[in-house]
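Asker: no sequence for this one, just the structure:
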């Protein structure tokens, strides 16, 4: 396969949201709904560098769940809705606002990791300064 320098930089937003390879923009990033492939089938990029962890779920919880909760609270306060109304309206609305964004968000995070060359943090230990030398003694024989 070609080296990394042969590929032009691609926007993580464009490649990630479409679920495409962050290096070539053509290969697929996902094997299933959220499972990453081992490597790109077009350029051979190894996806082992990718670790979005709980990032997609965090963004969904912070942003996509808010409309669902507001809908449930509004139904309850405005109409004193019974439980079955919440199960039929709020439940599906929550599923529709929380599950579909997971894949594009995960793709965007993986593509961003590649684009910005993100890697796991490491502790850098500085070597100890050499001990100051004292007066030299000459051994007598």
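Answerer: Thanks, I have it. Computed from a predicted model, the values in this text were never measured in an experiment.

Asker: check contacts around residue 40.
Answerer: By CB atoms under 8 Å, 6 or more residues apart in numbering, the contact list for residue 40 reads 21, 23, 24, 26, 27, 28, 29, 47. To be clear about C-beta, it is placed using only N, CA and C from the backbone, and glycine gets the same treatment.

Asker: Could you work out the most separated pair of these?
Answerer: Across these, the longest distance by CB to CB is 14.4 Å; it joins 26 and 47.

Asker: quick one: which of those two has more around it?
Answerer: Between residue 26 and residue 47, counted using other CB atoms under 10 Å, residue 47 has the larger neighbour count: 20 against 12.

Asker: Report the spatially closest residue to the more buried one, excluding sequence-adjacent ones.
Answerer: residue 36 (5.1 Å; CB to CB, 6 or more residues apart in numbering).

Asker: Sort out which one of the contacts of residue 40 lies nearest residue 93 for me.
Answerer: Among the contacts of residue 40, and counting by CB to CB, the member closest to residue 93 is residue 29, at 28.0 Å.

Asker: for that closest one, phi and psi?
Answerer: Main-chain torsions, residue 29, degrees, to the nearest 10: phi -90, psi -30.

Asker: repeat for residue 76
Answerer: Backbone torsions of residue 76, given as degrees, to the nearest 10, read phi -70, psi -40.

Asker: Repeat that for residue 55.
Answerer: phi -60, psi -50.

Asker: Now do the same contact list for it.
Answerer: 105, 106, 109.

Asker: Repeat that for residue 113.
Answerer: With contacts defined as CB under 8 Å, 6+ apart, the neighbours of residue 113 are 49, 50, 51, 52.

Asker: ok, it to residue 47 distance?
Answerer: With distances taken as CB to CB, to the nearest Å, residue 113 is found 10 Å from residue 47.

Asker: what about residue 117, neighbour count?
Answerer: Neighbours of residue 117 using other CB under 10 Å come to 8.
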